Structures are given as C-alpha cells and as structure tokens.
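[1] Sequence below, structure please.
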Amino acid sequence: MAAEKLKNAIENPAFFSLIFLFGPTGVGKTTLLRRITQKLLASFQKEMELDKGFIPIANIEVATPEFSNFDWKDFYLRALGVLQDPCIQLPGYGRITNLKLKTSLEAALKHRRLKVFCIDEAQNLSKVASGRKLRDQTDCISKPKSFFPKSDR
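    Residues are numbered from 1 along each chain as shown. From the prediction side, this is the model:
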C-alpha cells in the first residue's frame with residue numbers, strides 16, 4: 001500500500017511538492033526507496049542513454065549531526081556528490097561557503113533535470129538548537145520544489 005501511494009505521488013507530482021515517508025525503524029522505508037529508485041531508473045533508461053547528464057532520481061542519506069546542529073555544508077557536499085557534480089573534485093571546494101554550495105546544488109538540480117530527490121533519514125534536519133531554526137530548516141527543504149518545473153516532471 002505504501003509503495004503504491006509513493007509511486008502515485010511520484011508519477012503525479014502536480015498534487016505533491018514534498019512527500020514524507022515515515023515509520024518505525026526496520027519497517028522498510030529505505031528498502032522501499034531503493035525499489036522505487038530501481039523502477040524509476042528503468043523507466044527512464046532510454047532518456048538517460050540519450051542524455052548522459054540526465055539523472056531522474058537521486059537519493060541522499062542525511063548524516064546524524066555530531067553536535068546538536070545540522071550541518072548544511074555536509075548536506076550540500078553529499079548532495080553534489082550524489083548528483084556527480086564535477087566541481088566537488090576541485091581542490092579546496094569543501095572550503096566554499098554554504099551559500100555558494102547551495103547555489104551549486106540548485107544549479108546541479110536544474111542541470112540534471114531531476115524528477116525525484118529522496119532525502120533518507122531526513123529527521124536529522126530537525127536536529128537544531130531552537131524552534132526558529134527548525135522552521136528555517138523546514139523552509140529550506142520546501143524551496144527545492146521550485147527547481148523542478150512542472151513541465152519537466
């Protein structure tokens with residue numbers, strides 16, 4: 001049932017901008033994401049062969065923060081790695097500011113024409129020191145929907 005609902009949400013994105021998949025540990029959320037990823041990659045195989053830069057779906061696992069605050073720089077670098085952004089190979093790229101990394105991620109999301117961006121272990125985004133920061137975190141993950149034009153979905 002969850003697999004069908006998730007598949008429907010992905011195939012009919014006009015009604016969904018963010019999809020939250022949650023449940024107890026060990027219930028199979030990550031396994032479900034892997035299966036959906038395999039199916040989506042298979043359905044876009046021909047398009048991916050024609051356009052080597054096209055990535056229809058990308059999955060990132062959010063690291064648990066070492067200290068009480070979520071590390072956006074780590075998130076941006078991991079996301080750029082998943083999207084195979086060549087800039088992350090440049091010397092000193094990890095020393096770039098969060099704002100520049102965010103801008104790079106926005107450009108990579110557009111360039112790769114992503115249909116779905118899965119954030120596994122997204123609850124780690126909520127690991128912040130204050131309620132205001134939590135609201136800011138939520139705002140930040142809701143903004144990427146603007147990188148996915150409806151005509152591309």
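
[2] pretty sure Ala122 is touching Thr64, no?
    No. Here Ala122 does not reach Thr64: they are 11.7 Å apart, not a contact under CB atoms under 8 Å. From N, CA and C alone the C-beta is placed, and that goes for glycine too.

[3] Which one of these two is surrounded by more residues?
    Neighbour totals were compared for Ala122 and Thr64, and Ala122 leads with 17 against 11 (other CB atoms under 10 Å).

[4] From Leu6, how far off is the nearest residue in space to that one that is not next to it in sequence?
    Leaving aside its chain neighbours, Ala122 sits nearest to Val62 (5.8 Å; criterion: CB to CB, 6 or more residues apart in numbering). Distance, Val62 to Leu6, using CB to CB, to the nearest Å: 18 Å.

[5] ok, back up a step: next, the residue nearest to Ala122: phi, psi?
    Per-residue torsions, Val62: phi -80, psi 130 (degrees, to the nearest 10).

[6] Check Val116 too.
    Val116 adopts backbone torsions of phi -140, psi 130, taken as degrees, to the nearest 10.

[7] sorry, back to before: neighbours around the residue nearest to Ala122, how many?
    Other residues near Val62 come to 19 when the count uses other CB under 10 Å.

[8] if I read this right, it contacts Phe75, doesn't it?
    Yes. With contact defined as CB under 8 Å, Val62 reaches Phe75; the gap is 6.4 Å.
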